[in-house]
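S.K.: return a 3D structure for these sequence lines:
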Amino acid sequence: MCPAERFPARPWAPTTVPGGGAITPPIGPLVRPDRGPAPLTSPARLAEFFAPRRIALVGASETSGWSRFVFAAAAAAGFSGELIPVHPVHRTVFGRPAVRRLADLAAPADLAFVMVPTHAVAEIIEESGEAGRRGAVVLASGYREAGDAGRAEQDLLAGRARELGITLLGPNCLGFVNVHDGAAPFALTLPSPLTPGPVGIALASGALAGVVLGFARSRAIGVSTLVTLGNEAMVTAADVIEYFVEDDRTRAICVFLEDVGDVARLSAAAERADLAGKPIVALKTGSSPAGQRAALAHTGSVTGNDAVANAALRQLNIIRVGSIEELLTTASVLAYGSRPQGRRMGVLTASGGACGLIADHAHAAGFEIPPFAPQTTAAIAAHLPEFATVGNPLDVTGYFLANRREDALTPIDHALDAAVADPGLDFVLFAGVTLPETRPADERLAAQLEDRFAWLGRRIATAPIPVVCLSPACVDVTNYARDVLTRHGIHPLGGIDLGVRAIDGALRWLERRGHVRTLGPRPHASVSGSAWSELDARMFLENFGIPTVPADLADSADAAAVAAQRFGFPVALKACSALIPHKSDIGAVALGLQSAAAVRAAYGQVRSAAEAATGTGIEGVLVSPLRGGGVELLAGVTIDPVFGPVLTVGLGGIWVEVLRDISLRLLPASSSDVAGMLAELRGHALLTGARGREPVDVDALAQVLCRLGEAALSLGDALDCVEINPLWVSGTRIEALDVLVVSEKGPAT
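M.R.: The predicted model follows:
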């Protein structure tokens with residue numbers, strides 16, 4: 001990214017001089033930057049960084065589109081500080097005097113906004129350090145997202161910035177907008193007007209910033225600071241989250257992620273946010289193969305398995321959403337007014353159709369809409385026409401709309417006054433705010449509207465339970481409506497579907513608050529290991545107290561028949577070899593054998609199939625009793641390249657591939673974590689005695705699954721996967737029927 005004309009700068013690479021040899025720019029030893037916590041990215045330092053009063057625009061010119069954006073953004077934000085163009089050729093830029101170099105400034109700038117080409121950025125960072133600048137925003141691309149060479153350049157750049165004491169945002173970013181302080185070193189069009197407010201925003205994508213701010217403006221959602229992160233060479237999403245946690249003007253945090261990056265840092269930031277009562281709402285790409293490829297092409301990041309990412313965000317009590325609209329709407333529920341504390345909802349509307357739609361969406365999200373208390377019903381009925389029916393959800397009807405009223409309050413307002421005192425409700429969803437487009441020409445109506453909104457604002461603020469306002473459709477809030485609503489502290493959600501999902505997200509955050517389990521550094525990416533024989537795998541799990549189905553290793557057909565008679569029929573036979581991790585695929589399994597003769601015949605078939613597949617001998621054939629009834633589960637631990645060891649539980653056997661009814665947790669996991677996993681399964685009723693089944697001992701099952709996690713973690717960096725499929729459960733009986741262990745190193749001898 002650069003001005004139209006070439007910005008002169010010395011190349012960063014060594015330069016040959018007459019007589020041979022080379023001169024290397026005097027930038028000192030360069031090292032890979034430390035991605036962990038550092039004073040340069042602390043909340044206190046970022047508070048200074050995001051509130052500059054003197055900004056040097058390095059590379060600014062009248063022919064540069066980026067320059068025009070930055071000057072326009074400053075005007076839109078109402079920036080009252082100094083913008084100082086720095087350019088080696090131009091003497092003025094947009095009527096402002098320019099200096100040739102940063103060193104020529106009469107006084108140090110608080111921030112350098114660097115708009116020079118990639119090859120010149122290092123020189124400018126060096127000049128910034130010499131001139132005492134403490135912060136820099138780097139617009140240029142061509143770093144981490146450009147491959148290994150670009151990544152190396154980025155590491156050098158960030159390393160040198162750290163040595164010079166410069167906080168660096170980017171590269172490959174568009175800057176930031178601090179709405180409260182009117183500071184907007186930002187290279188994109190800003191929608192106007194900007195509304196200051198309690199929602200902080202950190203974005204991996206710079207170009208989406210305008211879209212995000214545009215939607216916030218359209219719904220009168222106030223923003224504290226918006227930060228575009230770019231490649232996160234120094235300032236990361238976790239750093240900005242921690243800044244928002246310490247920022248008194250931010251009450252809810254929005255994050256757009258293309259990758260998670262440093263899991264431990266994000267985890268620590270999420271824990272601090274949870275303790276501070278500041279919810280994090282995240283929109284993360286990578287839920288589809290195409291989305292994962294796009295993220296890789298854009299920032300050079302690895303997104304990992306999306307289901308694992310979803311589990312990780314849930315464990316960190318980060319609300320994951322699916323759209324920009326849901327991102328901001330969910331944050332606004334938690335940022336404005338009182339937060340709902342339960343799922344018993346009162347619904348007040350002026351439309352029977354809206355009642356039905358809200359009820360349907362609420363049911364799908366797990367809300368309860370209980371009947372009003374008798375005193376609530378009586379109080380509401382006093383203000384409705386005789387033909388109206390008082391119930392929850394409530395339709396006050398549109399009758400009052402057709403009649404001239406003398407009082408500022410409407411029947412739905414009186415209904416609100418009664419409903420907020422109902423002891424059976426946790427909150428009220430109030431769909432009674434009609435957004436005015438313009439100020440009424442009739443002064444009496446204008447005054448009446450103002451009085452009504454003033455009353456609503458006071459009633460909402462003093463209500464004993466939270467009131468969440470809702471507009472039935474997600475339409476733009478006009479300038480007049482924005483002014484009226486903001487002055488009276490009223491913040492309606494936009495749209496029934498979007499609004500109910502946002503409230504559900506807010507409640508999920510409240511329900512999980514205080515239970516964040518921080519995640520440590522991930523040990524490694526997945527290794528390419530070798531399978532163990534099932535006999536070794538069984539012994540390994542048994543050492544951790546995991547019950548396995550009884551089995552004998554037979555080396556002859558007669559030995560197999562003797563074992564089968566001891567166990568009792570029917571039995572199962574399967575080949576035992578480290579070279580055959582999936583035995584049924586090659587016919588090395590025989591099930592449901594009912595006699596000694598059948599066992600002898602099957603032994604030869606199983607052994608022959610295994611030896612034909614491996615080209616060598618096998619350890620023998622395992623004989624075990626065949627289990628029937630009960631429930632079969634899949635339980636396993638695999639390595640995610642981003643998050644490390646992950647425990648998976650789901651319906652087993654063939655059903656895991658058909659139904660994909662699974663739940664995941666990052667390890668280590670407690671027994672309560674595992675019990676929560678089991679409760680999340682759609683097939684959970686099978687464990688609790690559905691249709692006359694014997695209930696499973698869920699506590700004992702959770703303990704077995706915890707031990708499975710402990711066994712997997714004991715393998716350390718050698719772990720590839722540990723799997724039980726199926727894990728058979730019937731009442732109090734739990735047995736691993738088939739076991740697979742894959743690791744970089746084989747079993748200990």
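S.K.: so how far is the top strand by length along the chain from its chain's centroid?
M.R.: The residue-count maximum for a strand in the chain (DSSP state E) belongs to strand 719-730. Averaging C-alpha coordinates over strand 719-730 and over its chain gives two centres that are 29 Å apart (C-alpha atoms, centre = their mean, to the nearest Å).
S.K.: how far away is residue 284 from residue 271?
M.R.: To residue 271, residue 284 is 19 Å away according to C-beta to C-beta, to the nearest Å. Quick note: C-beta positions are derived from backbone N, CA and C, even for glycine.
S.K.: who has more neighbours, these two?
M.R.: residue 284 (23 against 17; other C-beta atoms under 10 Å).
S.K.: can you classify the residue nearest the centre of the chain as helix, strand or coil?
M.R.: By C-alpha atoms, centre = their mean, the mean C-alpha position of the chain lies nearest to residue 282, the distance being 3.9 Å. Taking DSSP: H, G, I helix; E, B strand; the rest coil as the rule, one finds residue 282 in the strand state.
S.K.: and the closest residue to residue 667 other than its chain neighbours, what does it touch?
M.R.: Leaving aside its chain neighbours, residue 667 sits nearest to residue 645 (4.2 Å; criterion: C-beta to C-beta, 6 or more residues apart in numbering). By C-beta atoms under 8 Å, 6 or more residues apart in numbering, residue 645 lies in contact with 523, 637-639, 666-667, 709, 712-713, 719.
S.K.: just the buried residues of those residues.
M.R.: Neighbour-count burial within these applies to 637-639, 666-667, 709, 712-713, 719; the criterion is 16 or more other C-beta atoms under 10 Å.
S.K.: mind showing which ranges of the protein have poor pLDDT?
M.R.: The chain contains residues with pLDDT under 70 at 1-38, 287-304, 398-406, 521-528, 653-659, 748-749.
S.K.: what's the domain layout of it?
M.R.: As assigned by automatic domain parsing, the chain contains the domains 15-334, 337-490, 550-625, 631-743.
S.K.: okay, buried residues for stretch 337-344 please.
M.R.: For stretch 337-344, a neighbour-count test (16+ other C-beta under 10 Å) marks 337, 339-340, 343-344 as buried.
S.K.: among these, which one sits closest to residue 620?
M.R.: Of all these, residue 620 sits closest to residue 343, with 56.6 Å by C-beta to C-beta.
S.K.: was I right about that closest one contacting residue 426?
M.R.: Yes - Residue 343 is within contact range of residue 426, at 6.5 Å (criterion: C-beta atoms under 8 Å).
S.K.: how about the residue lying closest to residue 393 once chain neighbours are set aside, what does it touch?
M.R.: Leaving aside its sequence neighbours, residue 393 sits nearest to residue 347 (C-beta to C-beta, 6+ apart; 3.4 Å). Counting by C-beta under 8 Å, 6+ apart, residue 347 makes contact with 355, 358-359, 362, 369, 392-394, 428-429, 431.
S.K.: next one: residue 596
M.R.: Going by C-beta under 8 Å, 6+ apart, residue 596 touches 561, 564-565.
S.K.: does residue 414 touch residue 380 like I think?
M.R.: Yes - the pair residue 414 and residue 380 qualifies as a contact (C-beta under 8 Å) at a distance of 7.1 Å.
S.K.: the two - which one has more neighbours?
M.R.: residue 380 (26 against 17).
S.K.: could you measure from that one over to residue 422?
M.R.: Here residue 380 is placed at a distance of 10 Å from residue 422 (C-beta to C-beta).
S.K.: before we move on, what about residue 359?
M.R.: The gap separating residue 359 from residue 422 is 17 Å, by C-beta to C-beta.
S.K.: neighbour count winner among these two?
M.R.: Ranked by neighbour count (other C-beta under 10 Å), residue 359 and residue 422 place residue 422 first, with 23 against 17.
S.K.: spit out the contact partners of the more buried one.
M.R.: 346, 372-373, 376, 465.
S.K.: ok, now residue 429?
M.R.: 345-348, 358, 468, 470, 499, 503.
S.K.: at 7 Å what do you get?
M.R.: Residues near residue 429 by C-beta atoms under 7 Å, 6 or more residues apart in numbering: 345-347, 358, 468, 470.
S.K.: before we move on, back to that, rebuild the contacts of residue 347 as JSON lines, extending it with distance to residue 164 and secondary structure.
M.R.: JSON lines is the format used below for the contacts of residue 347 (distance: C-beta to C-beta, whole Å; DSSP: H, G, I helix; E, B strand; the rest coil):
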{"residue": "355", "distance to residue 164": "62", "secondary structure": "helix"}
{"residue": "358", "distance to residue 164": "57", "secondary structure": "helix"}
{"residue": "359", "distance to residue 164": "60", "secondary structure": "helix"}
{"residue": "362", "distance to residue 164": "55", "secondary structure": "helix"}
{"residue": "369", "distance to residue 164": "60", "secondary structure": "coil"}
{"residue": "392", "distance to residue 164": "63", "secondary structure": "coil"}
{"residue": "393", "distance to residue 164": "61", "secondary structure": "coil"}
{"residue": "394", "distance to residue 164": "64", "secondary structure": "strand"}
{"residue": "428", "distance to residue 164": "55", "secondary structure": "strand"}
{"residue": "429", "distance to residue 164": "53", "secondary structure": "strand"}
{"residue": "431", "distance to residue 164": "56", "secondary structure": "coil"}
